[in-house]
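Trainee: what follows is a predicted structure for the sequence shown.
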Amino acid sequence: MNYSTADSLPAVTLDDVRGAQKMLSGVARVTAMEGSRYLSQLVGTPVHLKCENLQRTGSFKLRGAYVRIAGLLPEERAAGVVAASAGNHAQGVALASSLLGVHSTVFMPKGAPLPKISATREYGADVRLHGQVVDDTLAAAQEYAAEMGAVLIHPFDHPDVVAGQGTVGLEILEQCPEVRTIVVGMGGGGLAAGVATAVKALRPDVRVVGVQAEGAAAYPPSLAAGRPVPVKNPATMADGIRVGRPGEVPFRIVEDLVDEVRTVSEDALSAAVLLCLERIKLVVEPAGASPVAALLSGPGTFEGPVVALLSGGNVDPVLLQRILRHGMAAQGRYLAVRLRVTDRPGALATLLGVLSVADANVLDVSHVRTDPRLGLTEAEVELHLETMGPEHCAEVGRALREAGYTVID
């Protein structure tokens, strides 16, 4: 959605958010607010988690999608709606449309996870796979809207969507009235803009901190330039916030009301997903865990009590497996080593014996004996090990060297 000037941007007010809250009554869940002793000790102040990963469809996206579609004129509803998404927005639009009796068509990338595609279809949408990235699918959705007269439901760049997402902010203030800082993940900015609109109108003393993945951080340069600036080839495991350009509507709100935007690394994101699973007992996708990643990256820099908004829990099991392994590696609990041994009977057993004495748990072994790079009496072994942290990794390395092994990488 494009607007010619900043002055032409529609405003989003507290009354809009309150109206959205009434509209969503009985539709969206008032999700739980859970305390985290582990994070509270780490950050040095009480930390609470707003669990939008437990929302219907698995993310906050239902809120904005429902408010946007419910506000359509009868003739617009009759024409149907169209959306483009890799997952969360797709499911939100599909369910909202079904609840309102509106036909929905959703374009998704060909590489979208099968569970997300299946869920979107089960919620009632006509799913069409197009392109490899969301930008391709959005172009296809816009073309479809122009040809068929369907209304494009943008994932973040519309006042109704921002107002719907802002209902999360109202719930946070009701559930944790003592809050001093709210940390929220940011892609296009719709959620952060909505939360900031609601919170700052009622509690201007509360800080709102946005979080972006380092590889898809369009807001810092945009805020510096005073206008939305695209970033080329945004790349992050957090597909829910992998957006190359801020929305016009949310950008102006973020610029005015969000106190700070931080970025987090891929290691921090994977560690946050792992922490949510192990310590908090919640399945949270990387985008949803980005506020936790910010807490892990900067403990002691947040005024408390803190509310971290877990925005979604839709993660493909295959991706989750990779993320958890990455998270374990980032924490020094997973070690991959490659080395060469003498190709003789018992050599592999001897190597495994060294690792057993060092208390390293062997997860996987690859033993290559025929390769042009190897000498006549050599074999190459690649090992994936579970360890107990960075110090243990160092101990394993020392044990291998002391046993006469040379680690290649």
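Mentor: Sure thing, it's come through.

Trainee: grab the CA positions of stretch 399-407 and hand them over as CSV.
Mentor: These are the backbone C-alpha positions of stretch 399-407, laid out as CSV (Å, rounded to 0.1, in the frame of the first residue of the first chain):
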residue,chain,number,x,y,z
ALA,A,399,41.8,-35.0,24.7
LEU,A,400,42.0,-35.6,21.0
ARG,A,401,45.3,-33.7,20.6
GLU,A,402,46.8,-35.5,23.5
ALA,A,403,45.8,-38.8,21.9
GLY,A,404,47.7,-37.9,18.8
TYR,A,405,44.8,-36.8,16.6
THR,A,406,44.9,-33.7,14.3
VAL,A,407,41.6,-32.0,13.9
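
Trainee: tell me which residues in that stretch are buried?
Mentor: Ala399, Leu400, Tyr405 (16 or more other CB atoms under 10 Å). In short, each C-beta sits where N, CA and C put it, glycine included.

Trainee: what about the second one, which SS state?
Mentor: When states are read from DSSP: H, G, I helix; E, B strand; the rest coil, the local structure at Leu400 comes out as helix.

Trainee: for Asp256, same thing?
Mentor: helix.

Trainee: in stretch 289-307, what's buried?
Mentor: 289-297, 302, 304-307.

Trainee: and the pLDDT at Val243?
Mentor: As predicted, Val243 sits at a pLDDT of 87.

Trainee: how about it: what's its closest non-neighbour residue?
Mentor: Gly187 (3.8 Å; CB to CB, 6 or more residues apart in numbering).

Trainee: let me see the contact set for the one you found.
Mentor: Phe156, Gln212, Ala216, Gly240, Ile241, Arg242, Val243, Ala287 (CB atoms under 8 Å, 6 or more residues apart in numbering).

Trainee: check what pLDDT the first one gets.
Mentor: The one in question is Phe156. At Phe156, pLDDT is 93.

Trainee: wait, doesn't it sit right on Glu248?
Mentor: No - Phe156 is not in contact with Glu248 according to CB atoms under 8 Å; the separation is 10.0 Å.

Trainee: of these two, which one has the most company?
Mentor: Phe156 (26 against 21; other CB atoms under 10 Å).

Trainee: Ser366 belongs to a strand?
Mentor: Yes - looking at Ser366 with three-state DSSP, it is inside a strand.

Trainee: so it bridges to which residues?
Mentor: Glu382 (DSSP bridges).

Trainee: so it versus Val208, what's the distance?
Mentor: Counting by CB to CB, to the nearest Å, the gap from Ser366 to Val208 is 48 Å.

Trainee: the two: who's more crowded?
Mentor: The neighbour count for Ser366 versus Val208, taken as other CB under 10 Å, is higher for Val208 (24 against 10).

Trainee: quick check: phi and psi on the more buried one?
Mentor: The phi/psi pair for Val208 (degrees, to the nearest 10) reads phi -110, psi 120.

Trainee: find me the pLDDT at it, would you?
Mentor: Reported pLDDT for Val208: 98.

Trainee: check contacts around the closest residue to Asp259 other than its chain neighbours.
Mentor: The shortest distance from Asp259 to any non-neighbouring residue, by CB to CB, 6+ apart, is to Arg207 (4.6 Å). Taking CB under 8 Å, 6+ apart as the contact definition, Arg207 lies against Arg180, Thr181, Ile182, Asp259, Glu260, Glu303.

Trainee: so how far is Val195 from Arg207?
Mentor: Distance from Arg207 to Val195, by CB to CB: 12 Å.

Trainee: shared neighbours of the two, anything?
Mentor: Ile182.

Trainee: what's the single longest helix in the protein?
Mentor: helix 159-175 (DSSP state H).

Trainee: please identify the buried residues of that one?
Mentor: 159-173.

Trainee: closest one of those to Leu72?
Mentor: Leu72 lies nearest to Asp160 out of the buried residues of helix 159-175, by CB to CB, at 9.3 Å.

Trainee: checking the nearest residue to the closest one once chain neighbours are set aside next. Helix, strand or coil?
Mentor: Nearest non-adjacent residue to Asp160, counting by CB to CB, 6+ apart: Arg68, 4.2 Å away. Three-state assignment for Arg68 (three-state DSSP): helix.

Trainee: Arg68 and Leu62, how far apart?
Mentor: From Arg68 to Leu62 the distance is 11 Å (CB to CB).

Trainee: need the residues touching each of these two.
Mentor: Ala96.

Trainee: before we move on, the earlier item: any idea how far the residue nearest to Val243 lies from Leu39?
Mentor: 23 Å.

Trainee: for the stretch 1-150 of the chain, what spans make up the helices?
Mentor: 14-24, 37-43, 61-70, 74-79, 88-100, 114-122, 134-148 (DSSP state H, counting those that start in this stretch).

Trainee: just how off-centre is the first one within its chain?
Mentor: Relative to the centre of its chain, helix 14-24 is centred 25 Å away, using CA atoms, centre = their mean, to the nearest Å.

Trainee: over to stretch 184-203?
Mentor: On the basis of CA atoms, centre = their mean, stretch 184-203 sits 16 Å off its chain's mean C-alpha point.

Trainee: likewise stretch 146-162?
Mentor: 22 Å.

Trainee: what comes up buried for it?
Mentor: Those would be 150-162, for stretch 146-162 by 16+ other CB under 10 Å.

Trainee: okay, and which of the buried residues of stretch 289-307 map to strands?
Mentor: Val306, Val307 (DSSP state E).

Trainee: pLDDT added to the buried residues of stretch 399-407, as JSON lines?
Mentor: Below are those laid out as JSON lines (pLDDT from 0 to 100):
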{"residue": "Ala399", "pLDDT": "86"}
{"residue": "Leu400", "pLDDT": "86"}
{"residue": "Tyr405", "pLDDT": "81"}
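
Trainee: can you pull the pLDDT of the residue nearest to Asp160?
Mentor: Per the predicted model, pLDDT is 98 at Arg68.

Trainee: correct me, but it touches Val162?
Mentor: No - contact criterion CB under 8 Å: Arg68 and Val162 do not qualify, at 9.6 Å.

Trainee: helix/strand/coil for Met388?
Mentor: coil.

Trainee: nearest spatial neighbour of it, chain-adjacent residues omitted?
Mentor: Nearest to Met388 is Arg333, by CB to CB, 6+ apart, at 6.7 Å.
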